[in-house]
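S.K.: Next input, structure requested:
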Amino acid sequence: MVAPRRNSHHKGLRQGDPLAPFLSNIVAEALNGLVREAVKRNLYRGFSVGSNRVEVSILQYANDTIFFGKASQGNVRAIKAILWIFELASSLKINFAKSGFGAFGMTERWKSDAASWLNCSLLSFPFVYLGIPIGANPRRVQMWDPIIKKIPKKVEDKLVSLQRKFLWGGVSQQQNQTIQQLGDFKDNEWEWNLSWRRPLFDNEITMASNFLRDIERNTIQRNIRDEWEWKADQSGQYTVQSAYKLMTREAIEGERDPGFEELWNLTVPIKVAVFALRLLGDKLPTKVNLYKRQVEVADRRCPFCGNMEEEAGHLFFTTTKSFPIWWESLSWLNISAALPIDPRQHFLHHGSILAGGTRTNRWKC
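M.R.: Numbering: from 1, shown residues only. Below you'll find the model as predicted:
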């Protein structure tokens, strides 16, 4: 009988071998087992999280390992011993130069001594792990900026779409339904039957009660046809023209203002008149207006004085750059007056202080 020859292996797995991840998991599980045994023997104390007080002592992701535990000298020594045993058992070396140590609620001296004991660097909070700032305030917008900038465009569009559906979807399950579908007559009296897609929040209960109180004031007629009616048109049917007139009604009424009619009669280039119209209507993109439109503005102060907010009245009439121009203009017209700060009132004020003649012609260019 001949004993079979034993094969001896002299090389490990090649880079990119499909078995490499499994080997990495086997080795990492050994470190996880050492931590569990240390916790079991009360040599290492983890960190309890959640209402159920689940103890977390170690987290492993890919080739990264994070130890969690109580900030104590005993835990620091336990981590040192666990890593030393892991090196002996696996023949691997821990790269302490790329490792870091941090703690909350401890003095800088204690954290520095602990980092020196572990032969690693001292972490400064917040630090970035997997692209997420750790230790930062999650309520601050600046914390999420680096994460949002890395989101692909398609993913961003999908998130925006889901957000819009959630925000504009409302809590009602009966949107775009007629009154006939929202209730029924019982004993010759109308009874509403409203349904919500989820339980109402505390702040929504009051709104829902007020809504029910408002609709109960209306009498539902059994013999009248239930249909949608567009009140902006006499026919009751929706038309683009009626919607346009409804949306621009206030603007049309504003254009009939004598002051605005005077603006269009001035002999100035059309782009100047349009700019003046936007100024009188407070439609210019000043910092204050941009902030009102939910545009992020770092500093709303005026770039000239640095004290007041940059709004149209201040920017064009009271800054150190614009105020002398108005005084020179009034001197040229040979008048004196206290000019309003509001752009529209400022414009109309010129028509009231000028009686006519040469001064009026000068003002009208």
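S.K.: quick one, helices of the protein?
M.R.: Counting by DSSP state H, the chain has helices at residues 20-40, 73-90, 108-117, 141-149, 153-169, 202-216, 240-255, 258-264, 270-280, 287-292, 312-313, 323-332, 343-353, 358-363.
S.K.: Now render these as TSV, adding mean neighbour count.
M.R.: Glycine gets a C-beta too; all of them are placed from N, C-alpha and C. Shown next, in TSV, are the helices of the chain (neighbours: other C-beta atoms under 10 Å):
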stretch	mean neighbour count
helix 20-40	14
helix 73-90	15
helix 108-117	14
helix 141-149	11
helix 153-169	10
helix 202-216	11
helix 240-255	11
helix 258-264	14
helix 270-280	14
helix 287-292	16
helix 312-313	20
helix 323-332	12
helix 343-353	16
helix 358-363	13
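S.K.: among the ones you listed, which gets the worst mean confidence?
M.R.: Ranked by mean pLDDT, the helices of the chain bottom out at helix 358-363, which scores a mean of 47.
S.K.: how's the chain carved up into domains?
M.R.: Following automatic domain parsing, one finds the domains of the chain at 20-136, 266-363.
S.K.: Any idea how far apart the tips of the first one sit?
M.R.: By that I understand domain 20-136. 35 Å (C-alpha to C-alpha, to the nearest Å).
S.K.: now it, how far from the chain's geometric center?
M.R.: Centroid separation between domain 20-136 and its chain, computed with C-alpha atoms, centre = their mean, to the nearest Å, is 34 Å.
S.K.: got the contact list for the residue nearest to V35 when sequence neighbours are not counted?
M.R.: Spatially, and ignoring its direct neighbours in sequence, V35 is nearest to I58 (4.6 Å; C-beta to C-beta, 6 or more residues apart in numbering). I58 sits next to L31, N32, V35, G46, T65, I66, F67, F68 when contact means C-beta atoms under 8 Å, 6 or more residues apart in numbering.
S.K.: beta partners for I58?
M.R.: Here I58 sits in beta bridges with F67, as judged by DSSP bridges.
S.K.: Quick check, central residue of the protein?
M.R.: By C-alpha atoms, centre = their mean, the chain has its centre lying nearest to V141, at 6.6 Å.
S.K.: Return the distance of that one relative to I148.
M.R.: Applying C-beta to C-beta, to the nearest Å, one obtains 9 Å for the distance of V141 from I148.
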